[in-house]
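Enquirer: Here is my input; please provide its structure:
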Amino acid sequence: MNNLSILFFLLATSLYGSETTFTTQELLLFLALFLAVALYGYILTLFKKLESLNKNLKNKTKVLHERKERLELALRIGKLGSWDVDFLNNKLVVNEEWLKVVGYEMRDDEVFTNETWISTIHPDDRQRVLDYGKEYKNGFIDEYNLEYRGVTNENKTVWLVSKGAIVQRDANNKPMRMIGVVSDITKEKLLKDSLQQAKNQAEEAVKMKSAFLANMSHEIRTPLNAIIGFIELLKEQEVDKEKQKYLNIVSSSSKNLVDIINDILDFSKMESGKINLEFINFNTYEEFDMTKKLFQARADEKDIKLHLNYVDVPKYIKSDILRIKQIINNLLSNAIKFTPDGKNIYLDMSYKDNTLHISVKDEGIGIKKDKLQYIFEAFNQAESSTSRQYGGTGLGLSISSKL
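Expert: Numbering: from 1, shown residues only. I've put the predicted structure just below:
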C-alpha cells in the first residue's frame, strides 16, 4: 500500500466514522476507488523509475557513443581498419577505415560478405590466409598475426598485416566471435626488401672482392717469392759492398711488399668471415723462442735489446698458435719499427685462470690517448706523418684486434 492509498483510507474513516454501516454497493464503490488510487500511485512510482532508468540509459548511450567516436578517430589516425567476425551467424563486419586500408570501394547497393573479403586477398595468398584462420580458430596457433598481400579495386598489390583475437566463446569453449585490425605495411615491406637486397649485394661484393684479392695476391706473390729467392742467391755470391747494399734494399722492400699483400688478404678474409681457427696442442717455449729469434736480427740492426720473459707458463697449451704468432708478429714489428736505436722491447708471457696473457712493451714514440681506439681501425695510423716516416698500411693492429 502506497502513501496515497493510506491517506485515502484515513480520510474515508474520518468521514464515515468507525460505527457507520455501508451497503454492498457503497463498499464496492469504496473498494474500487481505493484500488484506483493505489494503482495510480503505483503507476506514478513506476513511471518515475522508468524515467530515471531512461535517463541513465541515455547517459550510458552517450558515453558509449563518445567512446565509439574516439575509437574510430584513433583507428583513422593510426590508419587501422577494424573487423568483427560472428562465427555463429557466419557474418563479417568491417569499418570504413578497413575499406580504405585494403583499397576496396563498395557499390551503393553492395552488401559486405565473407566472399567480398576473400576477393580482396591476393590469389597467391588466399589459401594460406584461410588455412591460417582455421588453425588459429582450432587452437593450433596462439596468436593471430598474419602478413599477406591484398589486391585493391585498381588491381594494385599492397602488403597488409592483420592482428586479432577471439573475444567470445560458448559453453563448450567453441569460438563465437573474433575481432581485430588490419594495417597497410607496403612501405615498410618495400623498405625491408630494399635493405635486404642491398645487404645481399654488399655480401656478394665482399665475396667478389675476397676472391679478387686472393687471386691477385697469388699472382703477385708467386713471382715475388721467385725474385726474393734470386736476390738471396745474388747476395751470397756478391762481394762488392755497394752492390750488397742495393741487394739488401731490394730484398727488404720485396719482403715488405709480401707482408702488405698478406695483411690485405687476411683483412679481406676477416671481412667475409672466412678466417678459420685451428686449435692444436703446441709447445709454448719452442714456439715463442722461435718467434723471438725471427725478430732478433731486425732488433740487432737497431741495437735494440729484445727480452722474452715467462711467468707460470705451462709447456703445452691448446690453441691456434698460427694466429697467436700472427698477433705477436704484428706487435713486435710495430715495436721495432717505432722504437729508437739502443732501446728495449719486452715480450712478457704469463698464464693464469686458464688464460695466456701476452704483453709487448717498447720504449718507442708512444701513442696519444685520443688515438688509442683510432689505431685499431683499418688503414688508420696515429698520425698522418707516420706512414710517410715509418711505412705500413695501417692494417696490422686492425687484424690483431679482430683475431
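
Enquirer: so where is the stretch 301-403 of the chain shaky, pLDDT-wise?
Expert: 374, 378-394 (pLDDT under 70).

Enquirer: where do the helices sit along it?
Expert: For the stretch 301-403 of the chain, the helices defined by DSSP state H, counting those that start in this stretch cover 321-338, 384-390, 396-402.

Enquirer: next one: the chain
Expert: Ranges of helices in the chain, per DSSP state H, are 3-16, 24-77, 96-102, 114-119, 126-137, 186-237, 241-271, 284-301, 321-338, 384-390, 396-402.

Enquirer: how about those helices, which one is nearest Lys352?
Expert: Judged by Cβ to Cβ, the one of the helices of the chain that comes nearest to Lys352 is helix 284-301, at 14.0 Å. No exception for glycine: its C-beta is placed from N, CA and C like everyone else's.

Enquirer: hmm, back to that, closest one to His122 among the helices of the stretch 301-403 of the chain?
Expert: That would be helix 396-402 among the helices of the stretch 301-403 of the chain, by Cβ to Cβ, at 45.6 Å.

Enquirer: packing partners for that closest one?
Expert: With contacts taken as 3 or more Cβ pairs under 8 Å, 6 or more residues apart in numbering; DSSP states H and E, helix 396-402 sits against helix 241-271, helix 321-338.

Enquirer: and those helices, which is most packed in?
Expert: helix 321-338 (a mean of 18; mean count of other Cβ atoms under 10 Å).

Enquirer: Could you list the residues in contact with it?
Expert: 266, 277-278, 280, 282, 287-288, 291, 294-295, 298-299, 302, 304, 306, 345, 347, 356, 358, 360-362, 364-365, 390-392, 396-397, 399-400, 403 (Cβ atoms under 8 Å, 6 or more residues apart in numbering).

Enquirer: Show the buried residues in these.
Expert: 266, 282, 288, 291, 295, 299, 304, 306, 345, 347, 360, 362, 364, 392, 396-397, 399-400 (16 or more other Cβ atoms under 10 Å).

Enquirer: Tell me where the model's unsure across the stretch 1-150 of the chain.
Expert: Short version for the stretch 1-150 of the chain, where the test is pLDDT under 70: 1-22, 26-27, 63-79.

Enquirer: repeat that with 80
Expert: 1-42, 47, 54-79 (pLDDT under 80).

Enquirer: and if you look at the stretch 151-300 of the chain?
Expert: Short version for the stretch 151-300 of the chain, where the test is pLDDT under 80: 206-222, 238-239, 252-253, 255-256, 258-276.

Enquirer: Look up how far Ile358 lies from the nearest residue to Ile365 once chain neighbours are set aside.
Expert: In space, and not counting its chain neighbours, Ile365 is closest to Phe338: 5.3 Å by Cβ to Cβ, 6 or more residues apart in numbering. From Phe338 across to Ile358, the span is 18 Å (Cβ to Cβ, to the nearest Å).

Enquirer: Quick check: Gly396 touching Asp263?
Expert: Yes: taking contacts as Cβ atoms under 8 Å, Gly396 lies within contact range of Asp263: 6.4 Å.

Enquirer: closest one to Asn172 among the helices of the chain?
Expert: Between the helices of the chain, helix 126-137 lies closest to Asn172; by Cβ to Cβ that is 13.8 Å.

Enquirer: and the closest one, how far out from the chain's middle?
Expert: 27 Å (Cα atoms, centre = their mean, to the nearest Å).

Enquirer: For Glu96, which of the helices of the stretch 301-403 of the chain is the nearest?
Expert: helix 396-402 (56.9 Å).

Enquirer: contacting residues around that closest one?
Expert: Residues contacting helix 396-402 (Cβ under 8 Å, 6+ apart): 263, 266-267, 270, 275, 326-327, 330-331, 333-334, 375-380.

Enquirer: repeat for stretch 188-204
Expert: Contacts of stretch 188-204 with the rest of the structure, by Cβ under 8 Å, 6+ apart, involve 147, 159.

Enquirer: And that stretch, what's buried?
Expert: Of the residues in stretch 188-204, Lys189 count as buried by neighbour count, 16+ other Cβ under 10 Å.

Enquirer: same thing with stretch 200-220?
Expert: Neighbour count says stretch 200-220 has 210, 213, 217 buried, by 16+ other Cβ under 10 Å.

Enquirer: how far away is Leu403 from Met349?
Expert: In terms of Cβ to Cβ, Leu403 sits 17 Å off from Met349.

Enquirer: what does Glu204 give?
Expert: 43 Å.

Enquirer: How about Gly164?
Expert: In terms of Cβ to Cβ, Gly164 sits 64 Å off from Met349.

Enquirer: can you check Pro123 too?
Expert: Per Cβ to Cβ, Pro123 is found 69 Å from Met349.

Enquirer: which of those two has more neighbours?
Expert: Met349 (18 against 9; other Cβ atoms under 10 Å).

Enquirer: for the more buried one, what are its contacts?
Expert: Residues near Met349 by Cβ under 8 Å, 6+ apart: 284, 288, 308-311, 313, 356-358.

Enquirer: I'd like to know how far it sits from Ala36.
Expert: Distance from Met349 to Ala36, counting by Cβ to Cβ: 116 Å.

Enquirer: State the number of residues packed around the closest residue to Tyr316 other than its chain neighbours.
Expert: Nearest residue to Tyr316, sequence neighbours excluded (Cβ to Cβ, 6+ apart): Asn281, at 5.3 Å. Residues lying near Asn281 (other Cβ under 10 Å) number 9.
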